[in-house]
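Below are the sequence and a predicted model for it; my questions follow.
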Amino acid sequence: MGKYFGTDGFRGVANETLTAIQAFRVGRFLGRHFMRGKGERARILIGKDTRRSSYTLEYSLAAGATASGADVYLLHVTTTPSVSHLTRTEKFDCGVMISASHNPFEDNGIKLFNGDGEKLGEETVRLAEAFIDGGNLPLATGADIGRTVDYVAGRNRYLAYLLSLPRVSFRGMRVGLDCANGGAFMLSKAVFDALGATTYCIGAEPDGTNINRDCGSTHPARLQSLVREHALDAGFAFDGDADRCICVDERGAVIDGDGILYLSAKRLQARGELDGGGIVATPMSNSGLERSLKAAGVKVAYADVGDRFVYETMLKEGYLLGGEASGHIIFRKYAQSGDGILTALKVMEAMLESKCPLSLLAEGYCPLPQTLRTVRVLGGAAAIADGGVVRAQEEARRMLTGGRVLLRVSGTESAVRILTEGEDARACESAADLLECAVKAAGEAV
């Protein structure tokens with residue numbers, strides 16, 4: 001990870017560790033870096049989620065890019081996958097999404113995409129970081145100064161693309177949607193309604209401060225209750241920028257990203273569409289995923305955490321399906337990064353084509369007991385290297401006979417992620433308690 005950009009862009013507390021001035025300088029860099037040539041200005045696409053601070057960052061980025069001579073197209077409130085898709089299909093030089101994904105509303109972020117709709121490469125990101133810290137670029141003058149263009153029509157083109165994907169009608173299906181009070185609050189319902197489903201929505205009243213608050217993919221309890229209360233066929237929870245999807249089956253049980261990978265891999269395998277015979281997961285995936293897929297004859301390759309790394313490994317292995325337990329699922333035939341709404345559509349398609357309830361599609365996936373914790377501390381790398389934490393890891397491994405322990409610094413917030421996994425759920429909880437106490441003692445609380 002760089003000084004500002006982590007596994008999923010530049011993330012920080014709005015106007016504290018991610019400021020309007022920094023956003024302006026990112027825009028200045030992008031506008032100049034992607035200049036096509038003399039007399040050919042760069043075309044940059046910008047979308048945002050529903051956070052109050054997204055307006056500040058949007059206009060700061062646009063001001064910087066136009067000051068460098070780029071034309072900026074504003075999608076306004078949208079999803080990260082829509083920016084990725086439209087950057088590629090509408091031939092923009094660069095795409096920017098203003099979002100802190102699943103983080104609380106106080107945070108915000110800047111995600112960058114190249115002209116192919118892929119996360120921007122490390123070399124270009126490092127150049128951007130150097131410019132943020134004091135680089136110098138000429139300002140455009142006269143007729144070379146860029147302009148902003150209202151591009152809300154782009155959302156409709158992305159909506160049309162999503163509607164073209166399912167091979168079946170959703171008529172007669174009753175579906176719950178949790179939009180996390182984020183970027184999907186308009187798009188997701190429009191898609192499911194147009195495909196014929198009867199939709200029940202929660203988390204669809206953003207006020208600028210309630211994004212991800214007790215809703216969305218990280219808090220599926222409300223969606224579970226909605227599905228049970230209304231006897232729905234399925235529920236889908238997105239995060240703030242809708243690049244994640246978590247499912248709830250007809251019984252109200254949660255199916256996380258690993259479960260989605262399992263049922264999707266089995267479905268593609270049955271259709272003869274699982275190119276390479278495998279999928280890509282990350283170390284945060286449950287070990288039961290590989291066991292279950294191996295029993296079905298499906299290989300599993302592993303990538304570092306972050307959908308950019310998952311996508312790169314998918315390209316390397318020639319696989320069409322990959323993702324993370326958190327709900328970032330990539331169907332490479334249709335997208336270059338995680339797309340929550342697209343994932344929900346593919347799960348619905350699998351249910352309808354197989355004439356199976358969602359719970360039955362996930363049968364055969366046998367996850368091991370696992371405990372996940374997020375400990376918010378500053379200096380996560382130093383905390384993990386602390387002697388007390390190292391000793392706690394050794395003790396935790398002894399507690400989990402045949403299990404595993406994973407500690408990693410978050411790439412999206414000031415936190416350490418703790419994973420414990422084994423055959424005994426109580427032992428996993430006890431080991432996680434031990435590690436959480438050790439990390440808190442070693443790090444500085446946020």
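Thanks, I have it.

Settle this for me: Thr198 is touching Gly176, isn't it.
No: Thr198 is beyond contact range of Gly176, at 10.1 Å (criterion: C-beta atoms under 8 Å). Just so you know, the C-beta spots here come from the backbone N, C-alpha and C atoms, and that holds for glycine as well.

if I pick the nearest residue to Glu312 once chain neighbours are set aside, what's in contact with it?
Leaving aside its chain neighbours, Glu312 sits nearest to Ala303 (7.0 Å; criterion: C-beta to C-beta, 6 or more residues apart in numbering). Counting by C-beta atoms under 8 Å, 6 or more residues apart in numbering, Ala303 makes contact with 280-282, 309-310, 312-314, 322.

And for Gly340?
Gly340 neighbours (C-beta under 8 Å, 6+ apart): 79, 81, 184, 188, 217, 236, 238-239, 242-245, 327.

6 Å - rerun?
When contacts are counted by C-beta atoms under 6 Å, 6 or more residues apart in numbering, Gly340 touches 238, 242-245.

Quick check: it vs Ala431, distance?
Separation of Gly340 from Ala431 (C-beta to C-beta, to the nearest Å): 31 Å.

likewise Ala438?
As defined by C-beta to C-beta, Ala438 lies at a distance of 11 Å from Ala431.

can you check Ala381 too?
For Ala381 relative to Ala431 (C-beta to C-beta), the value is 21 Å.

who has more neighbours, those two?
In this view Ala381 and Ala431 are compared by other C-beta atoms under 10 Å, and Ala431 has more residues nearby, 27 against 11.

tell me the mean pLDDT for the longest helix seen in the chain?
Secondary structure assigned by DSSP state H gives helix 425-442 as the longest helix of the chain. What helix 425-442 shows for mean pLDDT is 94.

buried set for it?
Buried residues in helix 425-442, counting neighbours by 16 or more other C-beta atoms under 10 Å, are found at 427-428, 430-432, 434-436, 438-440, 442.

okay, among those, which ones form the most distant pair?
Largest separation among the buried residues of helix 425-442 by C-beta to C-beta: Ala427 and Ala442, giving 22.6 Å.

which residues sit in contact with Gly259?
362, 365.

and it, helix, strand or coil?
helix (DSSP: H, G, I helix; E, B strand; the rest coil).

low-confidence ranges in this protein?
With pLDDT under 70 as the threshold, the chain has low-confidence stretches at 1-2, 38-39, 446.

What helix or strand is Leu112 located in?
In this assignment (DSSP states H and E), Leu112 forms part of strand 107-113.

quick one, strands of the stretch 151-300 of the chain?
174-178, 198-202, 234-238, 245-248, 254-255, 278-281, 299-302 (DSSP state E, counting those that start in this stretch).

Who are the packing partners of the second one?
The elements that strand 198-202 packs onto, with contact taken as 3 or more C-beta pairs under 6 Å, 6 or more residues apart in numbering; DSSP states H and E, are strand 174-178, helix 187-194, helix 221-230.

Show me what the first one is in contact with.
The contact list for strand 174-178, computed with C-beta under 6 Å, 6+ apart, reads 188, 192, 197-203, 215-216, 223, 226-227, 232-237.

Can you tell me the strand partners of that strand and which way each runs?
strand 198-202 (parallel), strand 234-238 (parallel) (DSSP bridges).

ok and that strand relative to helix 187-194, angle-wise?
170 degrees (axes from the mean of the first three to the mean of the last three C-alpha atoms, to 10 degrees).

In TSV: the contacts of Ala303, plus distance to Arg398 and neighbour count.
Output for the contacts of Ala303, formatted as TSV (distance: C-beta to C-beta, whole Å; neighbours: other C-beta atoms under 10 Å):
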residue	distance to Arg398	neighbour count
Val280	31	29
Ala281	26	26
Thr282	25	22
Phe309	31	18
Val310	32	29
Glu312	35	18
Thr313	32	18
Met314	36	25
Gly322	33	31
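
Quick check: the farthest pair among those residues?
Ala281 and Glu312 (13.8 Å).

Include distance to Ala362 when you put the contacts of Gly340 into CSV, please.
Below are the contacts of Gly340 laid out as CSV (distance: C-beta to C-beta, whole Å):
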residue, distance to Ala362
Phe238, 19
Ala242, 22
Asp243, 22
Arg244, 18
Cys245, 14
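
Most neighbours of all those, which one?
Asp243 (36 neighbours).

which ones are touching that one?
So Asp243 contacts 80-81, 338, 340 (C-beta under 6 Å, 6+ apart).

Out of the residues you listed, which is nearest to Gln393?
Among the contacts of Asp243, and counting by C-beta to C-beta, the member closest to Gln393 is Gly338, at 29.7 Å.

Please tell me how far the closest one sits from Thr282.
Taking C-beta to C-beta, one finds Gly338 at 12 Å from Thr282.

To what extent is Asp116 buried, counted in neighbours?
A total of 10 residues lie near Asp116 under the criterion other C-beta under 10 Å.

now the nearest residue to it once chain neighbours are set aside, what's its secondary structure?
Among residues not flanking Asp116 along the chain, Arg88 sits closest, at 5.5 Å (C-beta to C-beta, 6+ apart). Put simply, Arg88 is helix when judged by three-state DSSP.

hang on, isn't Gly115 packed against Glu90?
No: using C-beta atoms under 6 Å, Gly115 is not in contact with Glu90; the gap is 10.1 Å.

show me what contacts Arg43?
Taking C-beta under 6 Å, 6+ apart, one finds 71, 92-93 in contact with Arg43.

ugh, wrong one, Ala23
57, 60-61.

Check Lys333 too.
Neighbours of Lys333 in contact, by C-beta under 6 Å, 6+ apart: Leu320.

Swap in 10 Å and give it another go.
Residues in contact with Lys333 (C-beta atoms under 10 Å, 6 or more residues apart in numbering) are 165, 268, 273, 275, 320-321.

Check Gly364 too.
By C-beta under 10 Å, 6+ apart, the residues touching Gly364 are 262-263, 266, 292-293, 295-296.

and which of the residues you listed is nearest to Ile255?
Leu263 (7.5 Å).

related to what we said a few turns ago, count the neighbours of the residue nearest to Asp116 for me.
For Arg88, the count of nearby residues is 18 (other C-beta under 10 Å).

Verify the contact between it and Gln336 for me.
Yes: contact criterion C-beta atoms under 10 Å: Arg88 and Gln336 qualify, at 7.0 Å.

Could you name every residue contacting both of these two?
Both Arg88 and Gln336 are in contact with 113-114, 116-118, where contact means C-beta under 10 Å, 6+ apart.

Narrow the residues you listed to just the buried residues.
113-114, 117-118.

returning to that earlier point: same list, the contacts of Ala303, but as JSON lines with distance to Phe24 please.
Below are these laid out as JSON lines (distance: C-beta to C-beta, whole Å):
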{"residue": "Val280", "distance to Phe24": "37"}
{"residue": "Ala281", "distance to Phe24": "38"}
{"residue": "Thr282", "distance to Phe24": "34"}
{"residue": "Phe309", "distance to Phe24": "29"}
{"residue": "Val310", "distance to Phe24": "31"}
{"residue": "Glu312", "distance to Phe24": "30"}
{"residue": "Thr313", "distance to Phe24": "35"}
{"residue": "Met314", "distance to Phe24": "35"}
{"residue": "Gly322", "distance to Phe24": "35"}
